[in-house]
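# got a structure for you, letters missing:
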């Protein structure tokens, strides 16, 4: 029995593949996998933005270009930052806010900087002469003093300087 040539089979697989790629069987709907692109030149403020950026100092323009680049895949940028040796300690959720140029919660930043305190409840008696006291990490509990703010803000500055070294 002749089932057709290999070329016929490849065409049939190609047809099925095109249905999968289009996101629907009729091919009219766009694929959910394809990224939607926006033509920013059609925004009413595009000319104003362009002239404002041109009037900025070179280092600020460079920062805007970096932010535009980061916007393509912010989570990928954060993943890259976290895997870079020498990356300053900073919570991943707040790295994402830095990359997106959003508000950074200094309370969360401070909470990520755990202090090690001796907790007397964490002791274990091995025998009559040996008792172990364990050190555990405790959350700082948010910003309560100016010292807390200074610590969190210094961590923020380290993170910003790491991402925008200019």
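Right, received. Where do you want to start? Quick caveat, the model's predicted, so the values are computed rather than measured.
# Name the helix or strand for residue 155, please.
Element membership of residue 155 [criterion: DSSP states H and E] is helix 146-163.
# Next up, identify which helix or strand residue 111 is on.
Per DSSP H and E: helix 106-112 holds residue 111.
# Kindly apply the preceding question to residue 44 instead.
Residue 44 belongs to no helix or strand, assigned by DSSP H and E.
# circling back to that earlier point, and the contacts of the helix holding residue 155?
Taking contacts as Cβ atoms under 8 Å, 6 or more residues apart in numbering, the residues outside helix 146-163 that touch it are 66, 81, 86-90, 94-95, 98-99, 104, 106-107, 109-110, 112-113, 140, 142-143. Quick note: C-beta positions are derived from backbone N, CA and C, even for glycine.
# And for stretch 44-53?
Residues from elsewhere that reach stretch 44-53 (Cβ under 8 Å, 6+ apart): 40, 43, 61, 64.
# can you give me the helices for the chain?
Ranges of helices in the chain, per DSSP state H, are 6-22, 46-54, 58-71, 74-82, 92-99, 106-112, 146-163.
# could you give the angle of the last one to helix 92-99?
Read it as helix 146-163. Put simply, helix 146-163 runs at 60 degrees to helix 92-99, going by axes from the mean of the first three to the mean of the last three Cα atoms, to 10 degrees.
# Going by neighbour count, list what's buried in helix 146-163.
Neighbour-count burial for helix 146-163 flags 148, 151-152, 155-156, 159, 162-163 (criterion: 16 or more other Cβ atoms under 10 Å).
# now the fifth one
By neighbour count, and taking 16+ other Cβ under 10 Å as the criterion, the buried residues in helix 92-99 are 94-99.
# picking up where we left off before, buried ones among the contacts of stretch 44-53?
Using 16+ other Cβ under 10 Å, no member of these is buried.
# Let me have those in a markdown table, extended by distance to residue 129 and pLDDT.
As requested, the contacts of stretch 44-53 are arranged in a markdown table below (distance: Cβ to Cβ, whole Å; pLDDT from 0 to 100):
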| residue | distance to residue 129 | pLDDT |
| --- | --- | --- |
| 40 | 73 | 83 |
| 43 | 76 | 90 |
| 61 | 69 | 90 |
| 64 | 66 | 89 |
